[in-house]
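Participant: Below is the sequence, then the predicted model.
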Amino acid sequence: MLMEDDLVTSLTRQVKTEVIENYLFERRLIELQIEHLNTLASQVQQEARFVGFRLARISSLMIDPGLKNRLHKLLGVEAGQFWVSCLNLKYKRRVRLIGVSALTKKAKFRKVLLESNSRLYDRMKHYKSQYEDLAAECSAVNSNIVSFQKNFDLLAMLNFLRNLDTRGIEIKKILGENFTAKEMAELDKNLYIGTVSMGKLEVPAPLDLPEPGSIRGDLCNLAEEVYQRHSEAVKKILGHPNNDIKQID
């Protein structure tokens, strides 16, 4: 009878240990996926900043605050968006003023504005692709988290394992041995792995910029108005030395 009890005890302990180790293994897989997701999010955040430099560049070409507001409205930049915070970024050592040729300063400025918008659009399009890839990755990780939550009801598992003799420090933290109901509920709360959102990752949604061709006329009108009001400032912008400015376009 004693041998039989020992055998049952041994088998029970083995089953419980396997449950714990399986939980720890699956949990670690989820944690690694979240870590990878955070790494990807950091890369997309950096790309958002690069796009922001281009937004700051085209905004600065307007010179006048009123004209800047008209440009922002044309591009769909609205209050409360991440992109608003980019409008005053110091970009001049991040992007190079676009080189164009024309017979007059006015025509040259118009070309600079149009090309600046074209580059902003292309970079935002690239950013949107990265954003969507990250969103898809986030959705896949969340699906795995939900499956993990369904497969491992932590409170039920803690109750099942309360009387297990523990072997390792990490396992002892999870078993709930000698824990009160309140302590077990707190442990469940602390060990809970929630789903991840794009908001939590702090990755801004891309701007839905209009096609460059669709606003070409509006931009040309803005360029004309900027030149009429601030011709000297425009000439200064066009004559800025660029040799020491880092190229990342």
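Facilitator: It's in. Numbers count the residues shown, from 1 in each chain.

Participant: F50 contacts L120, doesn't it?
Facilitator: No - using Cβ atoms under 8 Å, F50 is not in contact with L120; the gap is 10.8 Å. (C-beta placed from N, C-alpha, C; glycine too.)

Participant: between those two, which one's more packed in?
Facilitator: L120 (23 against 16; other Cβ atoms under 10 Å).

Participant: for the more buried one, what are its contacts?
Facilitator: The contact partners of L120, by Cβ atoms under 8 Å, 6 or more residues apart in numbering, come to V51, R54, L55, R57, I58, L75, L209.

Participant: what do you get for L114?
Facilitator: L114 neighbours (Cβ under 8 Å, 6+ apart): P212, R216, L219, C220, A223.

Participant: L219: neighbouring residues, count only.
Facilitator: Count around L219 with other Cβ under 10 Å applied: 21.

Participant: Show residues contacting the helix or strand harbouring it.
Facilitator: L219 belongs to helix 216-229 when assigned by DSSP states H and E. Helix 216-229 is contacted by residues 61-64, 67, 70-71, 74, 105-106, 109-110, 113-114, 117, 234 when judged by Cβ under 8 Å, 6+ apart.

Participant: Could you write me a ChimeraX select line covering just the buried ones among those?
Facilitator: Restricted to buried positions by 16 or more other Cβ atoms under 10 Å, the ChimeraX selection for those reads:
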select :61,62,63,67,71,106,109,110,113,114,117,234
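
Participant: which pair in the contacts of helix 216-229 spans the largest distance?
Facilitator: The span of the contacts of helix 216-229, defined through Cβ to Cβ, is set by L74 and K105 at 23.0 Å.

Participant: So which of the contacts of L114 wins on neighbours?
Facilitator: In terms of neighbours by other Cβ under 10 Å, those top out with A223 at 23 neighbours.

Participant: Helices of the protein, start to end?
Facilitator: 2-60, 65-75, 105-151, 154-161, 169-175, 181-191, 216-229, 231-238 (DSSP state H).

Participant: least reliable of the ones you listed going by mean pLDDT?
Facilitator: When those are compared by mean pLDDT, helix 169-175 comes last with a mean of 45.

Participant: gap between T195 and I34?
Facilitator: 10 Å (Cβ to Cβ, to the nearest Å).

Participant: Oops, could you answer that again for E225 instead?
Facilitator: Going from E225 to I34 by Cβ to Cβ gives 50 Å.

Participant: quick one, which of those two is more surrounded?
Facilitator: Remark: of E225 and I34, I34 carries more neighbours, 19 against 15, as counted by other Cβ under 10 Å.

Participant: what's the neighbour count on Y127?
Facilitator: Neighbour tally, Y127, other Cβ under 10 Å: 21.

Participant: Ok, D218 next?
Facilitator: Other residues close to D218 by other Cβ under 10 Å number 13.

Participant: got the contacts of L120 as a markdown table, with distance to E26 columns?
Facilitator: As requested, the contacts of L120 are exported to a markdown table (distance: Cβ to Cβ, whole Å):
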| residue | distance to E26 |
| --- | --- |
| V51 | 38 |
| R54 | 43 |
| L55 | 43 |
| R57 | 48 |
| I58 | 49 |
| L75 | 46 |
| L209 | 42 |
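
Participant: now, the most widely separated pair of these?
Facilitator: R57 and L209 (14.3 Å).

Participant: picking that back up, is it possible to get JSON lines of the contacts of L114 that adds distance to F148?
Facilitator: Formatted as JSON lines, the contacts of L114 follow (distance: Cβ to Cβ, whole Å):
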{"residue": "P212", "distance to F148": "45"}
{"residue": "R216", "distance to F148": "51"}
{"residue": "L219", "distance to F148": "51"}
{"residue": "C220", "distance to F148": "56"}
{"residue": "A223", "distance to F148": "56"}
